[in-house]
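# just the structure for this:
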Amino acid sequence: MEPVDILKTVYADSPMVRDLLLIHGRVVGEKALEIADRCPELAIDRNFVIEAAFLHDIGIRECHASSIGCFGNLPYVQHGMVGRRMLEERGLFRHALVCERHVAMGIDREEIQKRRIPLPDGDMLPITIEEKLVCFADKFFSKDHNPEQEKPVENILKGLSRYGEKQTRRFLECCELFRYPIHSSPSEETCR
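As a prediction, the model looks like this:
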């Protein structure tokens, strides 16, 4: 299974979106491996992380996000659930879970119900270390402007705050899990 080939097939009719996903997948994967390298005791499945980084946003084609060239009918928050379906159809069940669980640092049943988010009733939270790592690394990059430019932690926290306290807390928990510095240069700390 080559994730790049899957993206090229799925987005054959949308080269702009395909190229954006290839860039985004590459930078998210590189960031995830940078974090994994600093935390060797976590025994992260590096190959899976790279594959999942490329495929985590595959479902955007059916969602509406005009700023990145997607003109589907579904709300963007559903791209994870759409990606899960697309990858399960290809037999990539582990990758499919990353798609579903990465959106907004994960969304739980209570949030879905309380905020009336158009998602199935249930928890969509990253569980495995690899799911958490891809979800975390994804937040450092935007698809709608400067896709290769890494966002500082302060900007990520500000952006997450509009979704609620739980998303901010989940991001900070990942900072702790991966010993990622909140206010200093990423190279200054390593996992102990």
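
# could you list the buried residues of the lengthiest helix in the chain?
Of all the segments of type helix in the chain, defined by DSSP state H, the longest one is helix 15-37. By neighbour count, with 16 or more other C-beta atoms under 10 Å as the criterion, the buried positions of helix 15-37 are 17-18, 20-22, 24-33, 35-36. In short, each C-beta sits where N, CA and C put it, glycine included.

# also stretch 120-128?
Within stretch 120-128, the residues scored as buried using 16+ other C-beta under 10 Å are 124-126.

# for that stretch, measure first residue to last.
21 Å (C-alpha to C-alpha, to the nearest Å).

# which other residues reach that stretch?
Judged by C-beta atoms under 8 Å, 6 or more residues apart in numbering, the contacts made with stretch 120-128 from elsewhere in the structure are 80-81, 97-98, 100-103, 105-109, 112-113, 132, 134-135, 170.

# restricted to helices, list the residues you listed.
Cross-referencing the contacts of stretch 120-128 with the helices (criterion: DSSP H) gives 80-81, 97-98, 100-101, 109, 112-113, 132, 134-135, 170 as the overlap.

# before we move on, back to that, what packs against the longest helix of the chain?
Packing contacts for helix 15-37, counted by 3 or more C-beta pairs under 8 Å, 6 or more residues apart in numbering; DSSP states H and E, involve helix 3-10, helix 46-55, helix 129-138.

# can you redo the ones in helices among the contacts of stretch 120-128 as a markdown table with neighbour count?
Supplementary listing: the ones in helices among the contacts of stretch 120-128 in a markdown table, determined by neighbours: other C-beta atoms under 10 Å:
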| residue | neighbour count |
| --- | --- |
| Gly80 | 28 |
| Met81 | 21 |
| Leu97 | 22 |
| Val98 | 29 |
| Glu100 | 28 |
| Arg101 | 23 |
| Arg109 | 14 |
| Ile112 | 18 |
| Gln113 | 11 |
| Lys132 | 24 |
| Val134 | 30 |
| Cys135 | 26 |
| Arg170 | 23 |
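
# quick check: the farthest pair among those?
Of all pairs drawn from the ones in helices among the contacts of stretch 120-128, the greatest distance, 25.9 Å, lies between Gln113 and Val134 (C-beta to C-beta).

# low-confidence ranges, the protein, go.
Low-confidence segments of the chain (pLDDT under 70): 1, 184-192.

# could you redo the last one with a cut-off of 90?
Across the chain, residues meeting the criterion (pLDDT under 90) sit at 1, 144-145, 162-164, 182-192.

# quick revisit: which residues touch the longest helix of the chain?
For helix 15-37, the external contacting residues (C-beta under 8 Å, 6+ apart) are 3-4, 7-8, 10-12, 42, 44, 46, 49-50, 53-58, 60-61, 68-70, 133-134, 136-138, 140-141, 143, 147-148, 150, 178, 180, 186.

# what do you get if the cut-off is 7 Å, keeping everything else the same?
Residues from elsewhere that reach helix 15-37, judged by C-beta atoms under 7 Å, 6 or more residues apart in numbering: 3-4, 7-8, 11, 44, 46, 49-50, 53-54, 57, 61, 68-70, 133-134, 137-138, 140-141, 143, 147-148, 178, 180.
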